[in-house]
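Participant: here's my sequence, what's the structure:
(4 chains)
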There are 4 protein chains.
Amino acid sequence: MNSFGVVFRVSIFGESHGPAIGAVIDGCPPGIALKADDFLPDLRRRQSGSRGTTKRHEPDMPEIISGVFQDFTTGAPITLITRNSDKISSDYDEFKKVPRPGHADYVSSVKYSGYSDMRGSGHFSGRITWGLVAAGVIAKKIAAGSEISAKLISAGGSENIEEALDKAIASNDTIGGIIECRVQNPPAGLGEPFFYSFESTLSHLIFSIPAIKGIEFGAGFAAAGMRGSVHNDPFVDINGKTATNNAGGINGGITNGNEIIFRTVVKPTSSTGADQTTFDFEEGKMTTLKVKGRHDTCIALRIPVIVESVTAIALADLMLIDRGIYGLRD
Amino acid sequence: MNSFGVVFRVSIFGESHGPAIGAVIDGCPPGIALKADDFLPDLRRRQSGSRGTTKRHEPDMPEIISGVFQDFTTGAPITLITRNSDKISSDYDEFKKVPRPGHADYVSSVKYSGYSDMRGSGHFSGRITWGLVAAGVIAKKIAAGSEISAKLISAGGSENIEEALDKAIASNDTIGGIIECRVQNPPAGLGEPFFYSFESTLSHLIFSIPAIKGIEFGAGFAAAGMRGSVHNDPFVDINGKTATNNAGGINGGITNGNEIIFRTVVKPTSSTGADQTTFDFEEGKMTTLKVKGRHDTCIALRIPVIVESVTAIALADLMLIDRGIYGLRD
Amino acid sequence: MNSFGVVFRVSIFGESHGPAIGAVIDGCPPGIALKADDFLPDLRRRQSGSRGTTKRHEPDMPEIISGVFQDFTTGAPITLITRNSDKISSDYDEFKKVPRPGHADYVSSVKYSGYSDMRGSGHFSGRITWGLVAAGVIAKKIAAGSEISAKLISAGGSENIEEALDKAIASNDTIGGIIECRVQNPPAGLGEPFFYSFESTLSHLIFSIPAIKGIEFGAGFAAAGMRGSVHNDPFVDINGKTATNNAGGINGGITNGNEIIFRTVVKPTSSTGADQTTFDFEEGKMTTLKVKGRHDTCIALRIPVIVESVTAIALADLMLIDRGIYGLRD
Amino acid sequence: MNSFGVVFRVSIFGESHGPAIGAVIDGCPPGIALKADDFLPDLRRRQSGSRGTTKRHEPDMPEIISGVFQDFTTGAPITLITRNSDKISSDYDEFKKVPRPGHADYVSSVKYSGYSDMRGSGHFSGRITWGLVAAGVIAKKIAAGSEISAKLISAGGSENIEEALDKAIASNDTIGGIIECRVQNPPAGLGEPFFYSFESTLSHLIFSIPAIKGIEFGAGFAAAGMRGSVHNDPFVDINGKTATNNAGGINGGITNGNEIIFRTVVKPTSSTGADQTTFDFEEGKMTTLKVKGRHDTCIALRIPVIVESVTAIALADLMLIDRGIYGLRD
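Facilitator: Model prediction:
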C-alpha cells in the first residue's frame, strides 16, 4: 500500500539502513525539464545538520534510474534512488527487547511478526520521506502556476523557535512544532466531492509523513467557536476572491481559487535523550530506557519541505484528474 | 472519484433533490447478518428534527437493492438506496446568481461549467452522507470487536451545548463544534506505513464529511507544546498497554491496540439566517444575501454518527487488507 | 471488486432475482446530453426474445437515480437501475444440490460458503451485464468520434448462423459463437505501456462478460504462423495509416489510429436442455441433471452489444487518462 | 499506470538503454524466504543467448534494494533493480525518422510528443519484462501450493520448433508462436465476479507482455464450434473434479480447483532482418527499411517464463484479496 494517487502516482520504498531508498513517480506528463540538480535545493532543506537536527549526514544525491531522457521527462515512470551510506546499525539492537515509547518498534513487531527490519527504524524511518521530497520536486513543476510555501511557525509551544530549541537541548529532551503551509494562486475547481475532496487528498498525504498528528484548514479548530455569519467568507469580485479566508481556500472540498492555508502539528521527536520508564518485553517487567544514537531535537525543523512536497503531489494529481475529466481550463 | 477503499470499498451517489441517494459497498464478506432494520438506529441519529437541526424530515428508510439474501450478506456488492421525498427546490434558485458564502455553490459552478444540480446543494448536500452512515452500519459489523463512539464535546466554543444553541438560535445565526471519537479494543497492527497509515486512511474519510475543517489524533495540536519525554507513551505490559495515550492509539501510522482517540472540528453551518454581504455574479456588484429555507443551527449535532461510520469504514478496510496480506491473527 | 477504471469508473451490482440491478458511473464529464430514452436502443439489443434467446422478458427500462439534471450529466456519479420483474425462482432450487456443469453454482458455493444468492444465478447471471450496456451508452458518448461495431460472425462453428441455430434447437442443445468488433476512427495514442496497455484494459473488461473464453487482436492466433515480414504492418502515409492491419490497430499496447479489430469467443450456453451426467454433492454420487427453465440456445446472439459497451468503456477511460496526463490533443 | 494489483501490487520501470530497470512489489507478506539467488533460475530462462534469440547479453543480476532483511521479506515494499550494461544505442537513431513497422516507435512519438526515449525501444522494450519475472519469483512463493508451468507448443505455425527456427533463420526473417500455460493444484474460489474475474485479472497481465496478441482459456476459440452438452465439464467427485476441462479450470470467472489451462499467442518479432517498404515521416515518402541490430528470430522462445510470472502475480493478488475478504480457507 505504498503508493498514492489516481493519475499522478507516487510509490516510495526503502529502509533507513538498507542499500538505498527511493520513489517511483507514474503518470507524469512528458516534456518536463528535469535533471538531478533540480532535486538538490529541496532535498537539502530536508536534510539534517543544522542546530536541533541529527548529526547523521547523508549526501542524498538522487540517481535518476528511469523516465528521463536528455533532461526531459519521457512519460514513462520516473524512478529515483539514493544510496544509504552513513549507517550505524548497532544503535538499534536493544529496541527489539524494549520498544521505544512513541516509536513504531512495537507495532512493527506486531504487524510483521518479527520480520521487519528495525535498523534505524527500517521502513518507518523519517529517512524514507526522501522519496516524498523527490516526488514533490516533480509535482511542483506540474503545479508550477502555484507557489507553495511551508514554514515552522512555532516549536515547543513557543513562537520563539531558537529559544525553544535552546531549552530543549539544555534539558536533553525533544520538542514538536506547528507548520503552516500556504499555496498562492492555486487553480480553482481542484478536488472531487466527498472521497477525493481537496482536504481528503491532502490530509491523506500529510499523515503519510511520520510524526504528524493533526491538520486543520483555514480557521481550523477555531471555527468551532465562530458564528456562521463570521466564518463564512463573502465573495467580493467576479473571480471569486473572498474578503476573509476562514475556509482556507476550499469550499465543499473544492478549491475556490483563494490562497490555500492549512496548519499541521508535528509531535516531539520520540527519540528523546531523557530517561524513560517503559516495558521490557523479554524480561516481562518495567525498565529504564536511555535512547542513544543520533537524533533530532526538533524534527519539525526538517518537515516544512516535506509538507510542501506532499501538497504539490496532491495538487498535481488533482490537476491531472480534473484535466482528464473536464478538459483543459484556461 | 466517489469511491474509497482497497478491499472494503464504498461508493456513494445521489443529489439532495434527485430521485434517491445511496451507496454501493463492495468487498464485504459473506455471511454477515443484515436486514433493513439494522440501519435504522444509526440513520435516525443522522436525521434532523431535534432542536438545532433543520425541519426537513426524510423517512430515510433504506432499500436493500443487492448483495443480501435471506438476511445475510452474500459476498456480492451491496447496494442501498433511499428515496428523496421532502424536497422544496424553489429555495435554491437564487444561489446560481449569488453563491452562498461558505457553500459549494461557487466552486460547483466553476468545476462543472454550470451543469451541476444545485437544488438543495445537489451532490454537495450533507444529505449524501446518508450513504456513509449506511455503509458504516455494515462496517461496524465487520469491526464488531471494537466499540466506536463519537460525541459532540463542544459547540460554539462552549462545552455547554444547550446554552450555545440557545444563543445561536436567538441571534438567528449558526455555530460549529468539536466531535471526539474513541475506539475501544481496536485490533493492533492496523494501517500500512506511509500512504495507508491509519491516520491517512481515517482522515481521508473524515474530510469526505462536509463541514469538517480539521482533525487531530491523541494529544493532537497540543503535542507541539509538549516535551518528547512527556508525549511518549510508555508501555506498561506485555499486551502493549501504555500508561498515557498521547499518540491516540497509533504509532508509526499503525494501531498499537490502545484506545484510538481523535477529535475533529465542524465549522458553523454555512446557511446562516443572518444577512450576508457578498457578490452578485450576474449584476457584477456586492449585494445582501438572506438565506431562506430550512437549515441546521448546528450541523455538528448530526455528525457524530457519521464520524463513527467513516471510522468503521476505515477499520473494516484496514482489517481486510491486513488479513489479506498477513493472514488471520488471533 | 465490482468496479473498473482509473478516471472513468464503472461499478455494477445486482442479482438476477433481487429487487433491481444497476450501475454507478463515476468520472463522467459534465455537460453530456443524456436521458433515459438514450439507453433503449442498446438495452434492447441486449434483450432476449428473438429466436435462439430465452423467453424471459424484462422491460429493462432504466431509471436515472443520480448524476443527470435537466437532461445533461452534472459531473456527479451517475446511477442507473432497472427493476427485476419476470422472476421464477423455483427453477433454481435443485442447483444447490447438483451444481450445473459449466455454471458458477459450484464455485459460488465454495467462494461464498453457501451464502450466495443462487436464484437465477444471482450475481453471476448474465442479466447483470445490463449495467455494462447502460454504462456503455454513456461511454459511447465520450468516445463519440469513434464508431464501435460488433457482430456475431459465426455460431456453432458455422458462418451460417440461422442454420446453426436450427440444428441446435432441434437437438435441444446450445451453441457458442465468435464476435468480431471493430472501432473505426479511434484516437491514436490510447493505452499506457504495460499494465494499462489498450489490450490489457480491453481484455480485462471483455472477460468480465460471462461466457467469454478468449480474445485475439488483429491477426490474433494466426500470427503464430506468420513471418515478421508479413505480420508487420507498413506505414503508408504521414497520418500513420498502415497498408495491412495485422496488429489490429495497436502497437506496443497503444492505438496507432488505424481501425481497432478484435475477436472474442463465446462458449455455448451452459444451460443446455440435453441430459447431463454429473455429481450430486448431497447424495455423494453421480446423477442425471436435466436443466429446466428458460434459457438461450445461443447466448452469443445477445453479446455483441455488450462487447461494444465494454469497448466504449475502455476507450472512455483511456481517453480521460490520456487527456489528464498529456492534455488535450487536437 | 505502470502498476497492477489490488493487494499484491507490482510496478515496473526502466528503459532498455537507461541506467537500470526494475520493479517494486508491494503488499507482499512478511516472513517469505528470499535472496538474490532465488531470482536467477527464472531470470536466466528469460534471457537471450540460445539459438533464435538476440545476441545482446545482460548479466541481469538482481539487486535487492528494499523489503528484505536477513533473507526474509519484511512486509515493506520490495524493490529490485538490475543495471543495463550491454547497450548499443546508435542502432536506433534511424527509427525516429522511419518508424519500424510493428514496433512502438510510431505510437510512442505520437503519445509522448517526441519526448520518449527511443533507444532500444526505451520503456517499450521487451527488456522491461525483467521486472515481471522478478516479481513473479516472489509471487510463485506466495502461490507455492500450485505448480505453474508454461511452454512454447508451436512456433511459426509448426509444432516442430527447431525446424521452424531453421527456416526462419535461413530466410533472415522472424516467427511467432503459441505458449500454453497450466497451473496444477490451484486454489478453488479465486477471482471475483465480473471485473476481477480470474480471466480478467490474468488477461490484463498477459497483455502487459509485449508481442502478445491473443489469449484463450480451456477449449478457447474451439468452444464456438462445440455444443453445450459437450463443452460443459461434468463434476465427478465431492472435491469438484471435472471429467473434462473445457472451461480451463474457471467457471463464472472463478477457479473451480481443476487445472487452469490457457494459451496465448506471440506475434513474430517485429525486428525482422528482411527488407520492409514503409513510410519515411521526415521525407514524406515511402522508403525501404532494413533493421540492423541484434534481435530475436523467435521472441516467443523467451516468453514462457514471463507468462508463468504474470500468472503467479495474478494468483498471488487474487489469493490475498480472497483471504482478506473471506478469511483463511483450509
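
Participant: find the nearest non-adjacent residue to residue A:257, please.
Facilitator: Leaving aside its chain neighbours, residue A:257 sits nearest to residue A:188 (3.4 Å; criterion: C-beta to C-beta, 6 or more residues apart in numbering or on different chains). C-beta coordinates here come from the backbone N, C-alpha and C atoms, glycine included.

Participant: got it, and residue A:253?
Facilitator: Per C-beta to C-beta, 6+ apart, closest to residue A:253 is residue A:197, 2.7 Å.

Participant: mind checking pLDDT for that neighbour?
Facilitator: We note a pLDDT of 97 for residue A:197 in this prediction.

Participant: doesn't residue B:208 make contact with it?
Facilitator: Yes: the criterion here is C-beta atoms under 8 Å, and residue A:197 meets it with residue B:208 at 6.0 Å.

Participant: residue contacts, residue A:279?
Facilitator: Neighbouring residues of residue A:279 by C-beta atoms under 8 Å, 6 or more residues apart in numbering or on different chains: A:98, A:99, A:285, A:286, A:287, B:234, B:235, B:236, B:237, B:238.

Participant: which of those count as buried?
Facilitator: A:98, A:99, B:234, B:235 (16 or more other C-beta atoms under 10 Å in any protein chain shown).

Participant: need the contact list for the third one.
Facilitator: Read that as residue B:234. Taking C-beta under 8 Å, 6+ apart as the test, what residue B:234 contacts is A:101, A:276, A:277, A:278, A:279, B:242, B:243, B:244.

Participant: next one: phi and psi at it?
Facilitator: When quoted as degrees, to the nearest 10, the phi and psi of residue B:234 stand at phi -70, psi 140.

Participant: state the distance from it to residue A:293.
Facilitator: Using C-beta to C-beta, to the nearest Å, residue B:234 is found at 19 Å from residue A:293.

Participant: phi, psi for residue A:238 please.
Facilitator: Per-residue torsions, residue A:238: phi -70, psi -20 (degrees, to the nearest 10).

Participant: quick check: pLDDT value at it.
Facilitator: What the model reports as pLDDT for residue A:238 is 96.

Participant: now do the contacts for it.
Facilitator: Residue A:238 neighbours (C-beta under 8 Å, 6+ apart): B:279, B:281, B:284.

Participant: in strands, which of those fall?
Facilitator: When these are checked against strands (DSSP state E), the matches are residue B:279.

Participant: pick the one among the contacts of residue A:238 closest to chain A.
Facilitator: Set against chain A, the nearest of the contacts of residue A:238 by C-beta to the nearest C-beta is residue B:279 (3.8 Å).

Participant: gap between the closest one and chain C?
Facilitator: Distance from residue B:279 to chain C, counting by C-beta to the nearest C-beta, to the nearest Å: 23 Å.

Participant: what about the residue of chain A found nearest chain C, which helix or strand?
Facilitator: Residue of chain A nearest chain C, by C-beta to the nearest C-beta: residue A:324 (2.7 Å). Residue A:324 is part of helix A:304-326, with elements assigned from DSSP states H and E.

Participant: hmm, back to that, turn the contacts of residue B:234 into a markdown table, columns for distance to residue A:212, pLDDT and secondary structure.
Facilitator: Shown next, in a markdown table, are the contacts of residue B:234 (distance: C-beta to C-beta, whole Å; pLDDT from 0 to 100; DSSP: H, G, I helix; E, B strand; the rest coil):
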| residue | distance to residue A:212 | pLDDT | secondary structure |
| --- | --- | --- | --- |
| A:101 | 18 | 96 | coil |
| A:276 | 22 | 94 | strand |
| A:277 | 27 | 96 | strand |
| A:278 | 23 | 96 | strand |
| A:279 | 26 | 97 | strand |
| B:242 | 19 | 98 | strand |
| B:243 | 23 | 98 | coil |
| B:244 | 19 | 98 | coil |
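
Participant: quick one: which of these is nearest to residue D:256?
Facilitator: The closest of the contacts of residue B:234 to residue D:256 turns out to be residue B:242 (C-beta to C-beta; 48.8 Å).

Participant: can I assume that closest one is in contact with residue B:235?
Facilitator: Yes: using C-beta under 8 Å, residue B:242 is in contact with residue B:235, at 5.7 Å.

Participant: show me the strands in the stretch 51-200 of chain A, by range?
Facilitator: Remark: strands assigned in the stretch 51-200 of chain A by DSSP state E, counting those that start in this stretch are A:63-66, A:68-69, A:72-73, A:78-83, A:147-155, A:177-184.

Participant: turn those into JSON lines, columns for mean pLDDT.
Facilitator: Listed next are those as JSON lines, based on pLDDT from 0 to 100:
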{"stretch": "strand A:63-66", "mean pLDDT": "97"}
{"stretch": "strand A:68-69", "mean pLDDT": "96"}
{"stretch": "strand A:72-73", "mean pLDDT": "97"}
{"stretch": "strand A:78-83", "mean pLDDT": "97"}
{"stretch": "strand A:147-155", "mean pLDDT": "98"}
{"stretch": "strand A:177-184", "mean pLDDT": "98"}
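
Participant: in contact with the closest residue to residue A:305 other than its chain neighbours, which residues?
Facilitator: Setting aside the residues directly before and after it, residue A:305 is nearest to residue A:45 in space (C-beta to C-beta, 6+ apart), at 3.9 Å. Contacts for residue A:45 (C-beta under 8 Å, 6+ apart) come out as A:133, A:302, A:304, A:305.

Participant: which one of the strands of the stretch 51-200 of chain A lies nearest to residue C:229?
Facilitator: The closest approach between residue C:229 and any of those, judged by C-beta to C-beta, belongs to strand A:68-69 at 30.3 Å.
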